[in-house]
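**Student:** I'll drop the sequence and a predicted model, then ask my questions.
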Amino acid sequence: MPLIYYCSIAGGNFGDDINLQLWPRLFPDLSELTGQVLFYGVGTLLDGRHDAGVKKVVLGTGLGSHLTRMPDPNWDFRWVRGPHTAKEFGLPLELALGDSAILWPELLRGHDDAGPAGLIPHHVTWDSFDWTSVAHQAGMKIINPRQTPGAVIDQMRGCSRVLSESLHGAICADAMGIPWAACVLAHRFNEFKWQDWLATVNRPHEPLVMQLPLVRSIARTKSMANRLARWVQYKRRTRRPALRPVAAATARDVERVAAALRAYAGCADNFRCSDPAHVARQKERMLSRCDEFARDYKLLFTP
């Protein structure tokens with residue numbers, strides 16, 4: 001049985017991969033719990049597919065969609081990503097502390113106020129099109145989410161602001177004090193998890209929504225399936241059915257998306273981050289929960 005349960009994505013995804021750097025740093029002897037518990041930290045990991053007979057410790061993860069209740073006496077919730085996750089599990093709202101990625105010590109405040117605007121697509125959106133070219137046309141700096149966590153935050157630090165389809169792009173920007181905004185480039189943008197986290201930073205859900213999904217190519221059968229998904233509004237509560245692609249992007253489509261990105265990124269008023277004092281209080285409460293976890297499980301804790 002693995003110890004740190006996280007979404008290990010082929011090709012990498014920096015938000016998920018933060019787990020491998022964060023938790024061993026905070027709990028140097030965490031590996032001693034291998035075979036005894038499953039440890040849930042950064043990511044959208046609560047999906048109803050869990051072994052009820054295994055002890056599961058949660059430090060900050062969340063649900064991926066609504067209506068996913070899992071009554072199970074072997075859950076040990078220290079805190080969850082947001083109030084929507086807490087509600088679905090019947091947990092007190094004081095356990096909705098926020099996303100634990102902000103505890104990663106590498107997320108130091110400071111960035112280039114005179115730098116370009118950065119664009120961080122979702123990792124699957126990144127694979128579907130040449131976003132380097134789109135960002136170039138938009139006058140933006142593209143940041144590949146499939147890089148290591150360190151590489152991603154180094155590039156973010158060189159930006160004056162960040163437009164992110166990646167949830168952890170926004171979370172890391174917020175922790176680093178980089179003004180940010182959310183954007184929806186494709187149908188896989190998960191409304192539930194964004195709203196879950198946004199509620200913990202007192203911010204409304206107001207993403208920039210592209211009206212044209214960009215893909216290099218699409219099979220005829222997939223195009224037909226996406227047309228049907230659009231028509232029935234498949235997963236409309238958590239996704240964007242209208243952004244399911246039905247045809248390969250044209251040069252005109254790319255121009256329109258790039259123009260929309262350029263116009264939005266060019267207005268600094270579209271970007272902001274949370275009050276640093278609020279982020280500091282969030283971290284303090286999370287660290288307190290970490291300390292309690294370490295004492296209960298007889299682990300070292302090095303904040």
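**Tutor:** Okay, I see it. Numbering: from 1, shown residues only.
**Student:** can you tell me the SS state at residue 172?
**Tutor:** helix (DSSP: H, G, I helix; E, B strand; the rest coil).
**Student:** quick one: neighbours of it, just the number.
**Tutor:** 29 (other C-beta atoms under 10 Å). The C-beta positions use only the backbone N, C-alpha and C, and glycine is treated the same way.
**Student:** just the one 4 residues further on next, same as before
**Tutor:** Using other C-beta under 10 Å, residue 176 is surrounded by 21 other residues.
**Student:** and the one 3 residues further on, by the same measure?
**Tutor:** For residue 179, the number of neighbouring residues by other C-beta under 10 Å comes to 19.
**Student:** phi, psi for it please.
**Tutor:** phi -60, psi 140 (degrees, to the nearest 10).
**Student:** contact partners for the closest residue to it other than its chain neighbours?
**Tutor:** Counting by C-beta to C-beta, 6 or more residues apart in numbering, residue 179 lies nearest to residue 271, which is 3.7 Å off, once chain neighbours are set aside. Counting by C-beta atoms under 8 Å, 6 or more residues apart in numbering, residue 271 touches 117, 161-163, 179-181.
**Student:** ok, and the most crowded of those residues?
**Tutor:** Of these, with other C-beta under 10 Å as the count, residue 162 tops at 31 neighbours.
**Student:** may I have the beta-bridge partners of that one?
**Tutor:** residue 118, residue 180 (DSSP bridges).
**Student:** wait, it touches residue 155, no?
**Tutor:** No: assessed by C-beta atoms under 8 Å, residue 162 is found out of contact with residue 155, at 9.7 Å.
**Student:** residues shared between the contacts of these two?
**Tutor:** The contact lists of residue 162 and residue 155 share 118, 143, where a contact means C-beta under 8 Å, 6+ apart.
**Student:** all strands of the stretch 51-200 of the chain, in order?
**Tutor:** 55-59, 62-63, 75-79, 117-120, 141-142, 161-164, 180-184 (DSSP state E, counting those that start in this stretch).
**Student:** looking at the ones you listed, which has the lowest confidence?
**Tutor:** Lowest mean pLDDT within the strands of the stretch 51-200 of the chain: strand 62-63, a mean of 90.
**Student:** got a markdown table for the contacts of residue 271, with distance to residue 16 too?
**Tutor:** Formatted as a markdown table, the contacts of residue 271 follow (distance: C-beta to C-beta, whole Å):
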| residue | distance to residue 16 |
| --- | --- |
| 117 | 25 |
| 161 | 24 |
| 162 | 19 |
| 163 | 21 |
| 179 | 24 |
| 180 | 19 |
| 181 | 22 |
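**Student:** for the stretch 201-303 of the chain, just list every one of the strands.
**Tutor:** Counting by DSSP E, counting those that start in this stretch, the stretch 201-303 of the chain has strands at residues 208-209.
**Student:** please consider this matter closed, and thank you.
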